[in-house]
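**Student:** The following comprises the amino acid sequence and a computationally predicted model.
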Amino acid sequence: MKTIKLLAILIAFFITPLSQADETRGFYIGAGVGSTSLDDKDNFFSDIATISEDSNTYKLIAGYQVNRILAIEGQYTKYGDVNFQVPSLQNRTVYDWSPQALSLSSNAGYTFNNGLRPFGILGLSILDLNQSAKVLDKENYLGLRYGLGLEYAPISLRNLSIRVGYEADFFYADEEYIYHGIYSDYTLSKIYDFTLDSFYMSVSYKF
């Protein structure tokens, strides 16, 4: 009898985590809204213009929660407009972006029994700057998507979760210039890096 009881306890011990893991699995979709910010680290524009960001960032989220720790997540991000204004022209906007990004990332964290889940995001993104004029050589860039946040799934609403987080797309722009020398012309290049980021809140539903 003691052996049977011990066996039952051991079975319950191993099955409970598995059943809890199954509860965390599933596809989810969501939407979010947040701020927009551009960091021009190499002062590509800052030497001649000031940067201002208009409107919000909007996100559409779709992913699959593999277990308590890992999810695979895709996002469409529509950043707010980024305006480049010249102080000497009474801060008139002379150039702007309307950036969008598609990303695929791993979402790693841990789901606690109380519904809280701190997490980190790491993946790749494809950015479309939608420039108002061809200032940068390219329109599309490959970026690094990273971020962190906190998700909460209320015990009474297991399929619904609320997330607050920070996410960024970091990318390089390799610009080429023609230098007119005394005897010949040279093609020079310089790499600039930018970071588009957002603090946001989102709501997701798991199927």
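**Tutor:** In hand now; what should we look at?

**Student:** drop to CA atoms for contacts and neighbour counts, all remaining ones
**Tutor:** Will do.

**Student:** Okay, and the beta partners of Gly143?
**Tutor:** Beta-bridge partners of Gly143, counted by DSSP bridges, are Ser125, Phe171.

**Student:** okay, now it: neighbour count?
**Tutor:** Residues within reach of Gly143, counting by other Cα atoms under 10 Å, total 22.

**Student:** can you pull the contacts of the closest residue to Leu70 other than its chain neighbours?
**Tutor:** Using Cα to Cα, 6 or more residues apart in numbering and skipping the chain neighbours, the partner closest in space to Leu70 is Ala108 (4.7 Å). Contact analysis of Ala108 by Cα atoms under 8 Å, 6 or more residues apart in numbering lists 69-71, 119-121.

**Student:** Show the contacting residues for Gly74.
**Tutor:** Contact analysis of Gly74 by Cα under 8 Å, 6+ apart lists 61-63, 102-105.

**Student:** For the closest residue to it other than its chain neighbours, report the pLDDT, please.
**Tutor:** Closest residue in space to Gly74, ignoring its immediate chain neighbours: Leu104 at 4.5 Å, by Cα to Cα, 6+ apart. Looking at Leu104, its pLDDT reads 97.

**Student:** Pull the contacting residues for Leu104.
**Tutor:** Leu104 neighbours (Cα under 8 Å, 6+ apart): 72-75, 123-125.

**Student:** what's the helix or strand for the residue nearest in space to the middle of the chain?
**Tutor:** In the chain, the centroid-proximal residue (Cα atoms, centre = their mean) is Glu167; its distance is 4.0 Å. Glu167 is part of strand 160-180 when elements are defined by DSSP states H and E.

**Student:** Helix, strand, or coil at Ser88?
**Tutor:** helix (DSSP: H, G, I helix; E, B strand; the rest coil).

**Student:** Not counting its neighbours along the chain, what's nearest Pro99?
**Tutor:** Sequence neighbours aside, Leu129 is the residue nearest to Pro99 in space, at 4.1 Å (criterion: Cα to Cα, 6+ apart).

**Student:** Tell me the spacing between Gly63 and Arg145.
**Tutor:** Between Gly63 and Arg145 the computed distance is 15 Å (Cα to Cα, to the nearest Å).

**Student:** So between the two, which is more surrounded?
**Tutor:** Shown here are Gly63 and Arg145; by other Cα under 10 Å, Arg145 has more neighbours (25 against 21).
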